[in-house]
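Participant: here is my input, please return the structure:
(one chain, ligands or ions: 1)
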Amino acid sequence: MMVCNVLSIPLARSSAGSFAQMARSAVQATRGVQVPKVALDEPPLTIHTLGDAVLRTPAKRISKVDESVRDLARDMLRSMYSAHGIGLAAPQVGVHKQLLVIDLDPENAATPPMVLINPEIGSFGAAIETYEEGCLSIPGVYLNVVRPAAVEVTYRDEMGRPQRVKADGLLARCIQHEMDHLNGVLFVDRVTDELSLNEGLQEKGFQRADVHSIR
Ligand SMILES: [Zn+2]
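Facilitator: Next comes the predicted model:
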């Protein structure tokens, strides 16, 4: 397992220790998007799979972060936990909005998930890394993908607050994979080992013609 090192820096600084801020924080905490980390018999959303055109449609920016966006994030989390995934992008459930949910600690109820709205890569690290990826939209297929090892990303959280994260390890990998979904790109498009790609897809009944190689 890779080491995951996350540094989260809120951009909007407030006066530390003020009672109003503490009260506001308490309200925000109760309004969060956390849902029980359990597999549901009937998850609220259907996850589309390779070959489905919705996965190839670019997502649009979210102009206002309101309760409907948080409801979508909650339903995406419920569906992600039900499928035993660690990340899910809105296009995977047929919604063309720039919204990602990520939880690298799905066994631990106390760890809050991440919600990334309108994410943008600020910079990539210089080092590149090869790591095996999978995808809830291509179940059972696991293949090596080369990506930058570290990224800096800006986004809005589920309360619309601007955030910036410097990530490496599994989080950097996961953010890049999920952000690809927002552009209609799937991890198999980035696989360079053609033989393994063909074998992996065939074994699980997927079509090579549905891969749009970009290497
Ligand atoms: Zn995926």
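Participant: can you pull the buried residues of stretch 199-215?
Facilitator: Of the residues in stretch 199-215, G200, L201, F206, D210, V211 count as buried by neighbour count, 16 or more other Cβ atoms under 10 Å. Backbone N, C-alpha and C define where each C-beta goes, glycine included.
Participant: then stretch 77-95?
Facilitator: Going by neighbour count (16+ other Cβ under 10 Å), the buried part of stretch 77-95 is 77-83, 85-93, 95.
Participant: tell me the mean pLDDT over that stretch?
Facilitator: Mean per-residue pLDDT for stretch 77-95: 98.
Participant: start to end distance for that stretch?
Facilitator: 14 Å (Cα to Cα, to the nearest Å).
Participant: how about V141, secondary structure?
Facilitator: Classification of V141 using DSSP: H, G, I helix; E, B strand; the rest coil returns coil.
Participant: OK, contacts around it?
Facilitator: The contact partners of V141, by Cβ atoms under 8 Å, 6 or more residues apart in numbering, come to G134, C135, V188, G200, L201, E203, K204, F206.
Participant: restricting to C-alpha, output the helix or strand where E178 lies in CSV.
Facilitator: Assigned by DSSP states H and E, E178 belongs to helix 169-182. Extracted as CSV, the C-alpha positions of helix 169-182 are listed here (Å, rounded to 0.1, in the frame of the first residue of the first chain):
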residue,chain,number,x,y,z
GLY,A,169,0.5,8.7,-3.1
LEU,A,170,-3.0,7.2,-3.4
LEU,A,171,-4.8,10.5,-3.1
ALA,A,172,-3.0,12.1,-6.0
ARG,A,173,-3.7,9.0,-8.0
CYS,A,174,-7.3,9.0,-7.1
ILE,A,175,-7.9,12.7,-7.8
GLN,A,176,-6.3,12.4,-11.2
HIS,A,177,-8.4,9.3,-12.1
GLU,A,178,-11.6,11.0,-11.0
MET,A,179,-10.9,14.3,-12.7
ASP,A,180,-10.3,12.3,-15.9
HIS,A,181,-14.0,11.2,-15.7
LEU,A,182,-15.0,14.9,-15.8
